[in-house]
Every structure is written in structure tokens, then in C-alpha cells.
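Novice: for reference, the sequence and a predicted model appear below.
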Amino acid sequence: MRPATPELISPRSARVTAARRLAKRNARSKERLFLAEGPQAVREAAAHRGEGAPTLVELFTTAEAADRHADVVGAARDAGARVHLAAEQVIEDISTTVTPQGLVGVCRFLDTPFEDILTARPRLVAVLAHVRDPGNAGTVLRCADAAGAEAVVLTDASVDLYNPKAVRASVGSLFHLPVAVGVPVEEAVERLRDTGVRVLAADGAGEDDLDAELDGGTMGGPTAWVFGNEAWGLPAETRALADAVVRVPIHGMAESLNLATAAAVCLYASARAQRAAGGCRSVTGS
């Protein structure tokens, strides 16, 4: 039987030292482990299983957090994770946040082979090409999850999926849908198109207008949106790969939309069109 309370762990423990190293990409890649912080992320990690094994391996928690989030700690134990009771200083040493929430999980990598995503024939996919900011990557992943996308692809030119900022920004969505990593953008576009997916590049200077796409009823089929770098968008060679380059119309005086906002608008537009018979057409044009 498991103990009723977590075991006390020393700040000099090898387990604490190993967890602390996971703040660095090289250590994450070597161990194929990453950190998930806070009750929401840990709860989702405890519920997730990858390739037959639980995703959550260990949980470090303060006494206060263990009491306040007893359900999360219980779920971690039920998932087979080893639970450690730790002093606040230990949690601060492991955590990558300014104000830790008292719970830090160690999780197995959970990215999905790109081939598996293609085999599942997804209807809505977000492709992150050249996205370098981990907060943006995590937020777009969250938007994709909320919009009902069935997969996310991070190209080989994009940020590390397991960067702690990306994990936090996903607010648990990382554990909800398949994510492929390290795929060259050319391969991603070509292979998705081969499975019958229409590829749209989101760009503020696009020739096609999102409203016109919706009004024309062209967005009801399987679609992949390609999103580019936060500062300079998509390079010309990437735009040229797409079936269409689409801009989100700016009806007010704002200069532009940030990446995550534009991604949310595009993904929800596709989600709406796919749920409407024959696509989403304007009322005035019907």
C-alpha cells in the first residue's frame, strides 16, 4: 500500500537535482522528461497516458499545496506517480516561475509521430512554422485545443514544445491533443495536402480575406493553418507552399493582431465552417 502522506524529500536529494536540471533543454532531451507546474497542469498530466505508460512520473508538493489540492495529489498517486513532500525552498529551486504554486510534476515526453497524425486524417490542424516565443507556442496550442483542432505540428524551426513557458501557456492543453515536433515545414504541408487537407497560410499581407473565404463557403473541408514568426510572419517560400495566403481583416485602426489572437480567429473560423452544412456563408449573401 502507498503511504497516506507524501514522503519528505531533502533539498540535496538526487531526485530534486534531476528535476531542477529539466529547466534546461539539453537535460529534457536527454531524459525525455519535462516539468509541469501548478494544479491544472499536474491534474491533466495525471489523467494522461502515453504509449501505455502514465505520463506523470513524479510530483513535488509543499504541505500546504498537498492539503489545498488533495484531489490532484490523489490523482497523481492513482496514476502511479511518486509523490514527494518538499519544503517551499525546494519547490522554488525546481520551479521556473516567479511565484510557484506549490506543485511541480515531472512528466514523460508525449509528442506524437507525425505519421500517426496523418493516419488519423485530421480535419483541423495548426502548424507552427518559425514560432520562437514559447509563450506564444503554448497559447496557440491552447487555442487549437479550444477550437477543436485534432492536431498541432511544431516545425523544426520552432521553439521546444517542452519549454516551461510553453507548457504553462498551454494551461493543460498540451495533454489534450496530439502534437508532432521537429517536422520540416515543407514536409508538413506536402504530407497534409496528400491526405486531402487544404493548407492555408495566415499572413497579414495575404491576398485572400478571411471573411471572403467564409462567405464563399470554401472552409468547410479539412484544413491546416500555418502560423509564422511573431515578428516577421511567414517567409515567402513558406507562403508559396500554401493553397492560399489568408489575412484576418482589420476593421478598426489597429495596426495588426498578435500571433495568438490571429490564430484563435482563424481556427475558430474553420471550426465554425466545418460545423455548418456546406460551409459558413454570410446571411446577406444567401
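Specialist: Alright, I've got the coordinates.
Novice: now the residue positioned nearest the centre of the chain. Its backbone dihedrals?
Specialist: Among the residues of the chain, the smallest C-alpha distance to the mean C-alpha position (CA atoms, centre = their mean) belongs to residue 141, namely 3.4 Å. Its backbone dihedrals place residue 141 at phi -60, psi -40, with angles given as degrees, to the nearest 10.
Novice: which non-adjacent residue is nearest it?
Specialist: If the residues on either side of it in the chain are set aside, residue 141 comes closest to residue 170, at 4.7 Å by CB to CB, 6 or more residues apart in numbering. Heads up, the C-betas are built off the backbone N, CA and C, glycines and all.
Novice: list the contacts of the one you found.
Specialist: With contacts taken as CB atoms under 8 Å, 6 or more residues apart in numbering, residue 170 has the following neighbours: 138-139, 141-142, 145.
Novice: where do the strands of the stretch 101-250 of the chain begin and end?
Specialist: If DSSP state E, counting those that start in this stretch is used as the criterion, the strands of the stretch 101-250 of the chain fall at 103-108, 124-128, 151-155, 179-183, 198-202, 208-209, 223-227, 244-247.
Novice: who are the packing partners of the fourth one?
Specialist: Spelled out, it's strand 179-183. Taking 3 or more CB pairs under 8 Å, 6 or more residues apart in numbering; DSSP states H and E as the contact definition, the neighbouring helices and strands of strand 179-183 are helix 114-119, strand 151-155.
Novice: rewinding a little: now mean neighbour count, distance to residue 21 and mean pLDDT too, for the strands of the stretch 101-250 of the chain, in a markdown table please.
Specialist: Below are the strands of the stretch 101-250 of the chain laid out as a markdown table (neighbours: other CB atoms under 10 Å; distance: least, CB to CB, whole Å; pLDDT from 0 to 100):
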| stretch | mean neighbour count | distance to residue 21 | mean pLDDT |
| --- | --- | --- | --- |
| strand 103-108 | 26 | 11 | 97 |
| strand 124-128 | 27 | 26 | 97 |
| strand 151-155 | 25 | 23 | 97 |
| strand 179-183 | 20 | 20 | 97 |
| strand 198-202 | 23 | 36 | 96 |
| strand 208-209 | 16 | 47 | 92 |
| strand 223-227 | 27 | 31 | 97 |
| strand 244-247 | 20 | 42 | 95 |
